[in-house]
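1. Provided below are the primary sequence and the corresponding predicted coordinates.
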Amino acid sequence: MADNASTSPATSSRPTPATPSLIGDGASVTRFAPCATWVLRIAPDTASDVASVAGFELKGKLNTTTASAGTNGREAYRIGPDEWWLMAATDDKADVARALGTGLGNRVHSLVDVSDRQVTFRIDGPASRNLLATGMPLDLHDSVFPAGSCTRTLFAKAEIVIARPAVAPSFDITVNRSFADYLFGLWKDAIPMIRPPGQTSHRDGTATLGHSLRSASSS
């Protein structure tokens with residue numbers, strides 16, 4: 001369960017494609033373009049002393065996201081007691097890498113560039129929780145997983161990191177690239193059977209929702 005979220009949820013540094021990859025009745029799935037991403041491992045006491053580096057805030061509580069004003073949407077996920085994911089726009093990658101090296105200096109830490117390792121999807125809409133519930137037991141209710149929350153968990157057999165960037169039902173799912181098609185296939189199979197809260201699902205979801213399910217490649 002995520003800790004109480006920061007009051008300043010991260011604003012994603014990832015450019016969003018104009019057309020979702022999947023659209024269903026109350027939920028959509030969109031694949032983000034890549035962004036610059038680093039995994040920072042540093043002792044919590046040292047992170048507290050640093051507080052902020054290269055526009056990334058390291059003061060957030062465990063399982064929360066933070067964004068820094070005026071830094072082009074740079075965001076930090078605190079995934080573990082000594083683990084942060086740092087994300088920035090791809091165009092800023094070289095400048096951010098230099099600033100991280102300078103800001104962290106000779107403090108004991110590990111900083112790994114994982115920009116090419118991961119893929120992030122956004123699941124939007126009033127039925128987004130229902131779609132995620134098809135493969136994940138995590139409670140995503142507002143009282144448990146509010147805006148600004150993030151955590152590592154499983155969807156089916158894939159390890160993911162899930163974050164909630166906004167108050168509206170919207171979730172960012174990051175997974176290793178080798179599992180991206182696997183997750184997408186599961187969502188493609190499930191989305192025809194998903195209904196927004198208050199609506200009844202039909203047993204034959206494909207027949208009743210086929211007109212509203214489409215892929216970006218055929219639109």
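-> Sure thing, it's come through.
2. how about low-confidence regions in the chain?
-> 1-19, 69-72, 198-219 (pLDDT under 70).
3. which residues of it fall in helices?
-> 44-50, 93-104, 128-132, 180-190, 205-209 (DSSP state H).
4. other residues contacting the first one?
-> In other words, helix 44-50. With contacts defined as C-beta atoms under 8 Å, 6 or more residues apart in numbering, helix 44-50 is touched by 42, 58-59, 81-82, 84, 103-104, 107-109. Where C-beta positions appear, they are placed from N, C-alpha and C, glycine not excepted.
5. kindly report the same for the fourth one.
-> With C-beta under 8 Å, 6+ apart as the contact definition, helix 180-190 has outside contacts at 21-22, 29, 31, 119, 121, 123, 131, 134-135, 155-158, 160, 173, 175, 215.
6. residue contacts, Ala168?
-> Asp124.
7. might one say that Ala51 is in contact with Leu58?
-> Yes: counting by C-beta atoms under 8 Å, Ala51 does reach Leu58; the two are 6.1 Å apart.
8. so these two - more neighbours on which side?
-> Using other C-beta atoms under 10 Å, the more surrounded residue of Ala51 and Leu58 is Leu58, with 20 against 9.
9. and the closest residue to that one other than its chain neighbours, how many neighbours?
-> Spatially, and ignoring its direct neighbours in sequence, Leu58 is nearest to Ala47 (4.3 Å; C-beta to C-beta, 6 or more residues apart in numbering). Burial of Ala47 is recorded as 22 neighbouring residues (other C-beta under 10 Å).
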